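S.K.: Pasted the sequence and its predicted model underneath.
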Protein chains: 2
Amino acid sequence: MAYKTDIEIAREAKKRPIQEIGEKLGIAWEHLLPFGHDKAKISEEFIASVKDRPDGKLILVTAINPTPAGEGKTTTTVGLGDGLNAIGKKAAICIREASLGPCFGMKGGAAGGGYAQVVPMEEMNLHFTGDFHAITSAHNLLSAMIDNHIYWGNELEIDERRVTWRRVLDMNDRALRDTVTSLGGVANGFPRQTGFDITVASEVMAILCLATDLDDLQRRLGDIIVAYRRDRSPIYARDIKADGAMTVLLQQAMQPNLVQTLENNPAFVHGGPFANIAHGCNSVVATTTALKLADYVVTEAGFGADLGAEKFMNIKCRKAGIAPSAVVVVATVRAMKMNGGVAKADLGAENVSAVEAGCPNLGRHIENVKSFGVPVVVAINHFVTDTDAEVQAVKDYVATQGSEAILCKHWADGSAGVKELATRVAEIADADMANFAPLYADEMPLFEKIETIAKRIYRADEVIADKKIRNQLKDWEAAGYGNLPVCMAKTQYSFSTDPNLRGAPTGHSVPIREVRLSAGAGFIVAICGEIMTMPGLPRVPSAEQIMLNDAGEIEGLF
Amino acid sequence: MAYKTDIEIAREAKKRPIQEIGEKLGIAWEHLLPFGHDKAKISEEFIASVKDRPDGKLILVTAINPTPAGEGKTTTTVGLGDGLNAIGKKAAICIREASLGPCFGMKGGAAGGGYAQVVPMEEMNLHFTGDFHAITSAHNLLSAMIDNHIYWGNELEIDERRVTWRRVLDMNDRALRDTVTSLGGVANGFPRQTGFDITVASEVMAILCLATDLDDLQRRLGDIIVAYRRDRSPIYARDIKADGAMTVLLQQAMQPNLVQTLENNPAFVHGGPFANIAHGCNSVVATTTALKLADYVVTEAGFGADLGAEKFMNIKCRKAGIAPSAVVVVATVRAMKMNGGVAKADLGAENVSAVEAGCPNLGRHIENVKSFGVPVVVAINHFVTDTDAEVQAVKDYVATQGSEAILCKHWADGSAGVKELATRVAEIADADMANFAPLYADEMPLFEKIETIAKRIYRADEVIADKKIRNQLKDWEAAGYGNLPVCMAKTQYSFSTDPNLRGAPTGHSVPIREVRLSAGAGFIVAICGEIMTMPGLPRVPSAEQIMLNDAGEIEGLF
């Protein structure tokens, strides 16, 4: 049996005008800023006008540690949203925007898959509504103003060796990782070594995704630390007087984007911070707005639950004052098998014992998520080669963990394949079983926060950090940053810091290589291992195959 | 008497939904891609569907050499468009998009002034419909793919010292003019010296503005020369296999943008290439589309007529197969006075003899424009301090040149102030008096083309160029590029290469410092003097004052 590709399915979509999607949510046409006929931004005025409405139920979709087999987290988020609508609930989904750069390297497609997709797929993987370009502009305006300040006399006494603010591009370009700028003589300024990150790694991205409104946005932008003086005192973006102009550049980007699923249900697609050095969730303003407009809001977090759900709970929910009513952990039979030691090439053959061997990874995530006081359901995202015995093995295992696993066929069947999950999730959410609390209190010292995550979520024995790092954390506490949450930058492939250690390891150590202060975003980043903030292109980049076909359709992007 | 500022007037605009503006031109809603309620792109399908319609009359607005007094070329373009509509003609205007970078330095506002403006003014000076961001992405994708090709083994044998393709950002950032990239070791590639230009200086911008459709766009992108081998043979963007993906990134940017004037008349705002190293005109696709939809199309060219109109005729019209039916040369009394030797501080006082002394600059431009076989009218863009005697002095002078000068008060009065000019321009255009021909034939050798422009337009005695430059031109002729037009990069402030030499100089020399081949855009650039392709910010950038006010309106941008 031949399956249609994602792009073939997306092209057959019967899209409704975005005006109609807005109407479903009660948004009048004048409060939608259309981008073409299938995308729109939602006006600030409208968002302010619904502020006092009661919230719908928030449902988080997270997953096991990702494997090369793929787990289908976005696909399940989209499918569950459609499923809830199919059983008569008023539901919306909230997902992240895609970064343009990587689409020209290895992969495109951040809009779900099969019959659980958000459209227009092509544009979501290209410029979309220009949010990431606006972030690039705002970030680089600040960069230009810093060098300009130094050029014209450096009144703020910036130590040129300690300019921490780099530049960004939404492009995979390894040549820009490490650069020297301002060469060429007097007219071009003072040469210094710096570099570029990819736009999604910008602190401006994290800020946009955590800001509650434009005032909060500007305050946070002003709080960004861009450099230090020789006496190590910080220079803020506010000192450079860049915060106002950056806010102007981001005014429209702050408005959430509305699109639709293949089944014409509303989808908010807004923001896309890195899930390692940032918190990896779509914007607070999209999520809180969706909660005012729908009875159920299905959202996702980056990577596996050890990183994504942890940050969703400890950073996003804490800061936005929201809480999930239910959490769906997505697993696949194939990923269980890989966790159980099977190589990718052998995934097609039935192997119940490998499935069983891999299940403890899932079990660990279930236990972790429950520790936040929220009920968990497991979604088994069905793949065509899965056998009944393998599926049953996952169900049986999950039952032993005091949870329930439900087989979902949204990839093949859309909402019709995910009604059981939708029904169960709605029941749980409606029962108000959740008693959400973050893992640690604001007042806990920063190093203890890192230890708490490492021990309670990663199940490590210890956190290793040298004196310099511990002193840095203490300095930040003394400077008034001690109440910030911690954002862990760790490999997504393992509970440990070793990407090859699958399953549910214990007894490992978590070494902290570096800590960074994202004062505008409002978190401390703890970096455990190599974190790449500017990807490169592969030997044969997908860009070589991307082109318009004779019908004017985009080929090669997916 | 207190006058309202441009932004105050713009904010009071009674904008009509962009759907209505499209209807005026016969564009159905499904062929407009809205960006908000006041901007839209026009679909490729629609543009293709009107291809066989007869063309309206094309009217070029150009000007004397710019002075710090300002001549009001865009304002007059907008005013004349409104004036033509006011006298019952079906008219549209075509102007360029604004670059974002300079708005954070010295100035914003590229949308006319007073009661002759295009709206939405703020957005036109910010992200607008994202075209420039798309150009930045397409340009930098090619850059990344070049370094990536070298990184993975350099199969094409690119000489790393001879990579001519730089990177771009739409930002005034002098620190990026001259950089070293790929530092940091093996994983980051081979260090080399390069830099960034501002986006409007990208050859991709010039290509987008000259391409007739997406096929032509891709062909031209493929023709870009990005580097040379050690044997000096060129490497094309096509060899890097970047042309397809660049076209995909530019697909939407190729669609012209439709907005409106304060009087709700249609305005095409599309493309904005540099007027020195590129040709400085709005896009061919916008102009040719407008000509199918309106009976009169008013457009402008960059800088004064010596650069802007010359390139409009010799590059844009030649390549697009279009021709102006009439040309309006804009002059102001104040600019005449500055050409007559008056300092800016003294412009307020009546000085008829200075006006008379400055008029030969205008006379030279009239004569030059007429040499292309097109009829000329002078528009005196009225300023409140102009006296009747001063205005009469300009009119009298223009009469001695066999032309007519008409006083225009569109800045203060909108279309009501420009009806006389509109009536006269329509008469001239309807009379089909033009007998347009470019200044030189395609077959003329490249150096002779430069000499022809220098002698016949600039009235120089000679062109100075060393052997290396002459040989380079001959090499390009041998390589098949001899039929290209020449794009002169010269100061806009004088007919000569000395920016301080006002009036109508003769007997000067034009030294050619450098020649460049823009093989994708399809012209040879001859550079006479310093040309800055990446501006810097001033000591106090306007960005410091740009912010949102309590009403959410943008302050400080204008």
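M.R.: That came through fine.
S.K.: On the pLDDT front, check the spatially closest residue to A:Thr387 that is not a sequence neighbour for me.
M.R.: The shortest distance from A:Thr387 to any non-neighbouring residue, by C-beta to C-beta, 6 or more residues apart in numbering or on different chains, is to A:Glu350 (4.6 Å). Bear in mind the C-beta positions are built from the backbone N, C-alpha and C, glycine included. For A:Glu350, the pLDDT comes out at 95.
S.K.: Wait, A:Glu350 touches A:Val391, no?
M.R.: No - contact criterion C-beta atoms under 8 Å: A:Glu350 and A:Val391 do not qualify, at 10.7 Å.
S.K.: Among those two, which residue is more densely surrounded?
M.R.: A:Val391 (18 against 14; other C-beta atoms under 10 Å in any protein chain shown).
S.K.: which residues sit against the helix or strand hosting that one?
M.R.: Using DSSP states H and E, A:Val391 sits within helix A:388-400. With C-beta atoms under 8 Å, 6 or more residues apart in numbering or on different chains as the test, helix A:388-400 has contacts from A:331, A:333, A:336-337, A:350-352, A:355-356, A:359, A:362-363, A:366, A:378, A:380, A:382, A:404-405, A:407.
S.K.: What is the helix or strand containing A:Leu60 packed up against?
M.R.: Using DSSP H and E, A:Leu60 sits in strand A:57-63. Other helices and strands packing on strand A:57-63, by 3 or more C-beta pairs under 8 Å, 6 or more residues apart in numbering or on different chains; DSSP states H and E, are helix A:73-86, strand A:296-300, strand A:326-331, helix A:352-370, helix A:419-430.
S.K.: Which one, of the ones you listed, ends up nearest to chain B?
M.R.: Checking these against chain B by C-beta to the nearest C-beta gives helix A:73-86 as the closest, at 22.4 Å.
S.K.: I'd like the distance from that closest one to the chain centre, please.
M.R.: Distance of helix A:73-86 from its chain centroid, counting by C-alpha atoms, centre = their mean, to the nearest Å, is 17 Å.
S.K.: Keeping just the C-alphas, turn it into CSV.
M.R.: Output of helix A:73-86 as CSV, limited to C-alpha atoms (Å, rounded to 0.1, in the frame of the first residue of the first chain):
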residue,chain,number,x,y,z
LYS,A,73,4.9,14.9,19.2
THR,A,74,3.7,17.7,17.0
THR,A,75,1.6,15.2,14.9
THR,A,76,0.0,14.0,18.1
THR,A,77,-0.6,17.6,19.3
VAL,A,78,-2.4,18.4,16.1
GLY,A,79,-4.3,15.1,16.0
LEU,A,80,-5.5,15.5,19.6
GLY,A,81,-6.7,19.0,18.9
ASP,A,82,-8.7,17.7,15.9
GLY,A,83,-9.9,14.7,18.0
LEU,A,84,-11.2,17.0,20.7
ASN,A,85,-13.1,19.0,18.1
ALA,A,86,-14.4,15.8,16.5
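S.K.: which residues in the stretch 101-250 of chain A form helices?
M.R.: Secondary structure of the stretch 101-250 of chain A (DSSP state H, counting those that start in this stretch): helices at A:121-124, A:131-151, A:203-210, A:214-223, A:243-250.
S.K.: okay, the longest one in CSV with CA atoms only?
M.R.: Backbone C-alpha positions of helix A:131-151 (Å, rounded to 0.1, in the frame of the first residue of the first chain) are rendered in CSV as follows:
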residue,chain,number,x,y,z
ASP,A,131,8.2,36.9,13.2
PHE,A,132,11.6,35.4,13.0
HIS,A,133,12.8,38.1,10.6
ALA,A,134,11.6,40.7,13.1
ILE,A,135,13.5,39.0,15.9
THR,A,136,16.6,39.0,13.7
SER,A,137,16.2,42.7,13.1
ALA,A,138,15.6,43.6,16.7
HIS,A,139,18.6,41.5,17.9
ASN,A,140,21.0,42.9,15.3
LEU,A,141,19.8,46.5,15.8
LEU,A,142,21.0,46.1,19.4
SER,A,143,24.3,44.6,18.2
ALA,A,144,24.8,47.5,15.8
MET,A,145,24.0,50.1,18.5
ILE,A,146,26.6,48.5,20.9
ASP,A,147,29.4,48.7,18.4
ASN,A,148,28.2,52.2,17.4
HIS,A,149,28.3,53.3,21.1
ILE,A,150,31.9,52.1,21.3
TYR,A,151,32.8,53.8,18.0
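S.K.: Briefly note if that helix comes near chain B.
M.R.: Yes - applying C-beta under 8 Å from any C-beta of the partner chain, one finds that helix A:131-151 is in contact with chain B at A:His133, A:Ala134, A:Thr136, A:Ser137, A:Asn140, A:Leu141, A:Ser143, A:Ala144, A:Met145, A:Asp147, A:Asn148, A:Tyr151.
S.K.: mind giving me the domain ranges of chain A?
M.R.: Per the record, chain A has its domains at A:6-129+A:253-430, A:132-250, A:446-528, by automatic domain parsing.
S.K.: interface residues of the stretch 51-200 of chain A facing chain B?
M.R.: When proximity is defined as C-beta under 8 Å from any C-beta, the stretch 51-200 of chain A approaches chain B at A:100, A:104, A:126-127, A:130, A:133-134, A:136-137, A:140-141, A:143-145, A:147-148, A:151-152, A:167, A:169-184, A:187-189, A:193, A:195.
S.K.: thinking again about what came up before, need the domains of chain A in a markdown table with distance to B:Ala519, can you?
M.R.: Below are the domains of chain A laid out as a markdown table (distance: least, C-beta to C-beta, whole Å):
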| stretch | distance to B:Ala519 |
| --- | --- |
| domain A:6-129+A:253-430 | 23 |
| domain A:132-250 | 23 |
| domain A:446-528 | 44 |
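S.K.: To B:Thr423, which of those domains lies closest?
M.R.: Evaluated over the domains of chain A, closeness to B:Thr423 peaks at domain A:6-129+A:253-430, with 38.5 Å, by C-beta to C-beta.
S.K.: Show the end-to-end separation of the closest one, please.
M.R.: End-to-end distance for domain A:6-129+A:253-430: 33 Å, by C-alpha to C-alpha, to the nearest Å.
S.K.: Please state the offset of that domain from the chain centre?
M.R.: Here domain A:6-129+A:253-430 is found 11 Å from its chain centre; the criterion is C-alpha atoms, centre = their mean.
S.K.: shaky segments in the stretch 101-250 of chain A?
M.R.: For the stretch 101-250 of chain A, residues meeting the criterion pLDDT under 70 lie at A:107-110.
S.K.: that older thread, sheet partners, orientation included, of the strand holding A:Leu60?
M.R.: Applying DSSP bridges, strand A:57-63 is found paired with strand A:296-300 (parallel), strand A:326-331 (parallel).
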